[in-house]
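Q: here is a sequence together with a model predicted from it:
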Amino acid sequence: MIKLFHVKKVYPGDPPVLDDITMRVEKGEFVWLTGPSGAGKSTLLKLLFCAELPSSGQIIVGGRNIGRITQGAVPYLRRNIGVVFQDFKLLDNRTVLENVGYALEVLGVSDWDIRDRSLERLEQVGLKHKALSLPKRLSGGEQQRVAIARALVNEPTILLADEPTGNLDPGLTASILQLLFDANARGTTVIVATHDRTLLTRYHKRTIALDKGRLVSDA
Amino acid sequence: MIAHVAWRLSRRALVNLWRAPLPSLVSVLTIGLALFLGATFVLGLFSAQALLTGWGAQAGVTLYLDRAITDDQGRALAQRIRGDEPQVEVTYVDRATALKRLRSDLGDLAGALDGLTQNPLPASLEITPRVALAPADVRVLAAKLSQMPSVEQVDYGREWLDKLEALGRGVRVFGAGALFAVLGAALLVVANTIRLAVYARRDEIEIMKLVGATDRYVRAPFLMEGALQGLIGAALALGAVVVLQKWLLPQATQAFAFASGTVAPDILAPHMAALLGIGAMVGLFGSWLAVARFLRT
């Protein structure tokens, strides 16, 4: 599903952010991507959804070589990848329902289907009753659940989450992670970047550790 | 699918305009002001051209005839020219009338003519264009009439016409240059204004791209908004130009003696369509530039 071969990412004038990363994630896996701040976790996720290009090396996602796809093909690749961020990235002037439906709009789905499928996802994350609220009126945990609903609404094969629980208290963290485990149980490949080691000890999953841009362990 | 996506994008463009009225208003007013300046400039150019043509029309042609011809031959020549050149009025001035006019023009000095034993003045034909003729046309007419039999000399105020022509050329060249400068500046201002509006919605663009929107899909509502803003701006500019042309300009021309009688060209349906079209294109192109820059970064 995801393969990286000797991937390097360097910004001019700085030491490598990622250096000689080779790894493989199979379809349907759940993987923790961990390491201290500045280890290169976020950059690695950005490479996977084409927000950045590698300086060298090969990245294969769903059979497509990211280094070789054209700029015009990037949106079509992203439609198979859901992304969740620490800061949620919701539109404050759109309702919860509209925020979730956004990912379906770009696919050309009809208004009626968008509404049905968005409500279905909101029900899964327990926020159907807040469909017409604005994100600002929701708690941090609720906003992250909306972001997860948006990431999953078009049923992507891969879900990437960058510190999805970074801003949340432990009680909310468990509920957010449960949503990610549920998505994984339905067959979605999930990669979660986190620097929170308590999560790794509490939820035993495959863990890839980075440090100063290098892959230091995979267990 | 295409129809409902187009409908959705149009709806989004309208909603965006509605949700951010201030940036939209700034864009509309900027486009309106730029187009108003441009249209006023073009109107001024046409008026100046009309004024110059009017002055050219006042330049008559005088044909001085051979002294040997009789009045009957002179009148026959006048008749012939009337037949050949229906766009001009022809007046035959016989030698006696010419002398009488000279005497009248000299006033107190007319006594100097008393010593003449015979009338030295030739008969002449005064040619006056019925409609306004461009200086070049007056020149062609004079050249043609000089070929007529018994015409000894042609006077059509050549130097004056040359200056008028040079002035006309200068107005056209300066006008075209200034018009391009005004439109270019307008486009840049519009593009920057729209870019600010686009910048204010960078989060929305980022999220659209994140969930797999193509550049075309991201760009479409902005282009529609730009075109709509351009159209509204052009409509405002059109209203202002019509007010200027119908009400202010006639009052202004009355105030200046040299411009009296000069009428600015009418604003017809094709002119209105052109202005609205230019407005929509400026808005569209301005948005394109703004979004393209943003999508690149």
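A: Everything's here; your move. Numbers count the residues shown, from 1 in each chain, chains lettered A, B, ... in the order given.
Q: quick one: contacts for the residue lying closest to residue B:202 once chain neighbours are set aside?
A: Nearest residue to residue B:202, sequence neighbours excluded (CB to CB, 6 or more residues apart in numbering or on different chains): residue B:294, at 7.0 Å. C-beta here means a position set from N, CA and C on the backbone, and glycine is covered the same way. By CB atoms under 8 Å, 6 or more residues apart in numbering or on different chains, the contact list for residue B:294 reads B:195, B:198, B:199, B:202, B:205.
Q: only whichever of the residues you listed are buried, select them in PyMOL.
A: Selection of the buried residues among these in PyMOL, burial being defined by 16 or more other CB atoms under 10 Å in any protein chain shown:
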select buried, chain B and resi 195+198+205
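Q: closest to residue A:155 out of the contacts of residue B:294?
A: The closest of these to residue A:155 turns out to be residue B:205 (CB to CB; 24.2 Å).
Q: dump the contacts of residue B:294 to JSON lines, plus pLDDT and distance to residue B:45.
A: What follows is the contacts of residue B:294, written out as JSON lines (pLDDT from 0 to 100; distance: CB to CB, whole Å):
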{"residue": "B:195", "pLDDT": "79", "distance to residue B:45": "31"}
{"residue": "B:198", "pLDDT": "77", "distance to residue B:45": "35"}
{"residue": "B:199", "pLDDT": "81", "distance to residue B:45": "37"}
{"residue": "B:202", "pLDDT": "84", "distance to residue B:45": "41"}
{"residue": "B:205", "pLDDT": "86", "distance to residue B:45": "41"}
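Q: which ones among the contacts of residue B:294 are found in helices?
A: In helices, defined here by DSSP state H, the members of the contacts of residue B:294 are B:195, B:198, B:199, B:202, B:205.
Q: secondary structure element for residue A:117, which one?
A: For residue A:117, the host element (DSSP states H and E) is helix A:111-124.
Q: which residues sit against that helix?
A: Counting by CB under 8 Å, 6+ apart, A:96-97, A:100-101, A:104-105, A:109, A:128, A:130-131, A:146, A:149-150, A:152-153, A:179, A:182, B:4, B:8 sit against helix A:111-124.
Q: sorry, back to before: from chain A, how far out is the residue nearest to residue B:202?
A: According to CB to the nearest CB, to the nearest Å, residue B:294 and chain A sit 15 Å apart.
Q: kindly report the same for residue B:74.
A: 83 Å.
Q: hmm, residue B:92 and that residue touching each other?
A: Yes - judged on CB atoms under 8 Å, residue B:74 makes contact with residue B:92 at a distance of 5.3 Å.
Q: which residue lies nearest the spatial centre of the chain?
A: Chain wasn't specified; assuming chain A. For chain A, the residue sitting closest to the mean C-alpha position, by CA atoms, centre = their mean, is residue A:160 at 2.0 Å.
Q: meant chain B, my bad for not saying
A: residue B:46 (2.0 Å).
Q: give me the mean pLDDT for the helix or strand where that residue lies.
A: For residue B:46, the element it lies in under DSSP H and E is helix B:21-58. Averaging pLDDT along helix B:21-58 yields 78.
Q: other SSEs contacting the helix or strand just after that helix?
A: Downstream of helix B:21-58, the first helix or strand assigned by DSSP H and E is strand B:61-65. If you count contacts as 3 or more CB pairs under 8 Å, 6 or more residues apart in numbering or on different chains; DSSP states H and E, strand B:61-65 packs onto strand B:124-129, helix B:135-145, strand B:151-155.
Q: do that again at 6 Å, thanks
A: For strand B:61-65, the packing partners by 3 or more CB pairs under 6 Å, 6 or more residues apart in numbering or on different chains; DSSP states H and E come out as strand B:124-129, strand B:151-155.
Q: quick check: residues of chain A near chain B?
A: Counting by CB under 6 Å from any CB of the partner chain, chain A comes close to chain B at A:75, A:78, A:79, A:83, A:89, A:91, A:102, A:103, A:106, A:108, A:110.
Q: mind doing that once more with 8 Å?
A: For chain A, the residues in contact with chain B (CB under 8 Å from any CB of the partner chain) are A:49, A:72, A:75-79, A:83, A:89-91, A:93, A:102-103, A:105-108, A:110-111, A:150, A:154.
Q: filter the contacts of helix A:111-124 down to the buried ones, PyMOL style.
A: A single PyMOL command selects the buried members of the contacts of helix A:111-124 (16+ other CB under 10 Å):
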select buried, (chain A and resi 96+97+100+101+104+105+109+128+130+131+146+149+150+152+153+179) or (chain B and resi 8)
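Q: show me the shaky parts of chain B.
A: B:1, B:53-59, B:132, B:158, B:249, B:252-265, B:296-297 (pLDDT under 70).
Q: show me where it has helices.
A: Under DSSP H, chain B gives helices at B:2-19, B:21-58, B:71-84, B:95-106, B:135-145, B:158-200, B:202-210, B:215-243, B:249-255, B:269-296.
Q: return the most buried member of these.
A: helix B:215-243 (a mean of 21; mean count of other CB atoms under 10 Å in any protein chain shown).
Q: and the angle from that one to helix B:21-58?
A: Calculated by axes from the mean of the first three to the mean of the last three CA atoms, to 10 degrees, helix B:215-243 forms an angle of 50 degrees with helix B:21-58.
Q: list the helices and strands helix B:215-243 packs on?
A: helix B:2-19, helix B:21-58, helix B:158-200, helix B:202-210, helix B:269-296.
Q: do you know how far the residue nearest to residue B:195 when sequence neighbours are not counted is from residue B:231?
A: Nearest residue to residue B:195, sequence neighbours excluded (CB to CB, 6+ apart): residue B:290, at 3.8 Å. Remark: distance between residue B:290 and residue B:231 (CB to CB, to the nearest Å) = 17 Å.
Q: next: residue A:152.
A: 41 Å.
Q: do residue A:148 as well
A: Going from residue A:148 to residue B:231 by CB to CB gives 41 Å.
Q: and of the helices and strands packed on strand B:61-65, who's closest to chain A?
A: Chain A lies closest to strand B:124-129 among these, at 63.9 Å (CB to the nearest CB).
Q: other SSEs contacting the closest one?
A: Packed next to strand B:124-129, using 3+ CB pairs under 8 Å, 6+ apart, are strand B:61-65, helix B:71-84, strand B:88-93, helix B:135-145.
Q: list the buried residues for it?
A: Going by 16+ other CB under 10 Å, strand B:124-129 has these buried residues: B:124, B:125, B:127, B:129.
Q: pull the residues that contact it.
A: For strand B:124-129, contacts defined as CB under 8 Å, 6+ apart pick out B:57, B:60-65, B:74, B:77-78, B:81, B:85, B:87-93, B:98, B:138, B:141, B:145.
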